[in-house]
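[1] My questions concern the predicted model and sequence given below.
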Amino acid sequence: MQFSYHKDSSKDLLIVEGELYKYLFKIRREKQGEFYFRNLQDKNIYKYKLISIDRKKAILELIEKKELLVEPKKYLHIGWSVIDPKVIEKSIAALNELGVSKITFFYAYYSQKKYKINFDRLEKLLINSSTQCGRSSIIELDFCDNLDLFLTKYQNSYMFNFSDNLIDNKKEDINTIIIGPEGGFYLDEIKQFNNDKIVGIDSNLILRSETATIAVASKVLI
């Protein structure tokens, strides 16, 4: 763990309790030394020292504040067609570690409308991911009802699909790209994109939605 998350990081006194208390003082058994925290809202990392502890909480005192920005070098916004939330939850940490800046979920033609995104659950997973990889923020999460509304808002979007137009040759131009659900894109959705805005990889294999999302992030960001 590179740091711990606490929403009140930056305050002179920090009260640690609940799950974080159990992790730091029951599992890791840390009773002395320095503790590093971020609030994931500013650029700073905060160093604290333990001044008191009991069976349910610990009180830490701020001893140093330092600006330390650890962020992706490139911006990437993924429009991800809604799929099974359990699958999204298994993939979201990897996308955070790869450096995806934003994900906007939307219902595509083949999306199952019964699936609902639990943003609170995803945010918790993203926070845990950032504490491990050292990132000073988490992926920004958003939602859009359908592709039409998404493209109205993000007009310079690319589509990831089968194409001889390889993503490797367009990666410098791609800031926003959409990924289809299981079953791929509907023909009318594909027709909304010019051929030069549809990109693929050098493979004739069909990728699952979550595999495609990680592949795109890897291609564009690394």
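    In hand now; what should we look at?
[2] remind me which residues of this structure are low pLDDT?
    Scanning the chain with the threshold set as pLDDT under 70 gives 31.
[3] and with 90 instead?
    1, 26-34, 182-183, 204 (pLDDT under 90).
[4] how about the helices in it?
    In the chain, the segments counted as helices under DSSP state H are 18-21, 85-98, 119-133, 147-153, 187-190, 209-221.
[5] so which of the ones you listed is the most packed in?
    The highest mean neighbour count among the helices of the chain, using mean count of other C-beta atoms under 10 Å, belongs to helix 209-221: a mean of 20. (Glycine included, C-beta is placed from N, CA and C.)
[6] Run a quick neighbour tally on the spatially closest residue to Ile178 that is not a sequence neighbour.
    Using C-beta to C-beta, 6 or more residues apart in numbering and skipping the chain neighbours, the partner closest in space to Ile178 is Gly79 (3.8 Å). Under the neighbour criterion other C-beta atoms under 10 Å, Gly79 is assigned a count of 26.
[7] Export the helices of the chain as JSON lines, with columns for distance to Arg29.
    Compiled in JSON lines, the helices of the chain are given as follows (distance: least, C-beta to C-beta, whole Å):
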{"stretch": "helix 18-21", "distance to Arg29": "12"}
{"stretch": "helix 85-98", "distance to Arg29": "25"}
{"stretch": "helix 119-133", "distance to Arg29": "18"}
{"stretch": "helix 147-153", "distance to Arg29": "48"}
{"stretch": "helix 187-190", "distance to Arg29": "53"}
{"stretch": "helix 209-221", "distance to Arg29": "35"}
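[8] Quick one: closest of those to Tyr107.
    Shortest distance between Tyr107 and these, using C-beta to C-beta, is found for helix 147-153: 8.0 Å.
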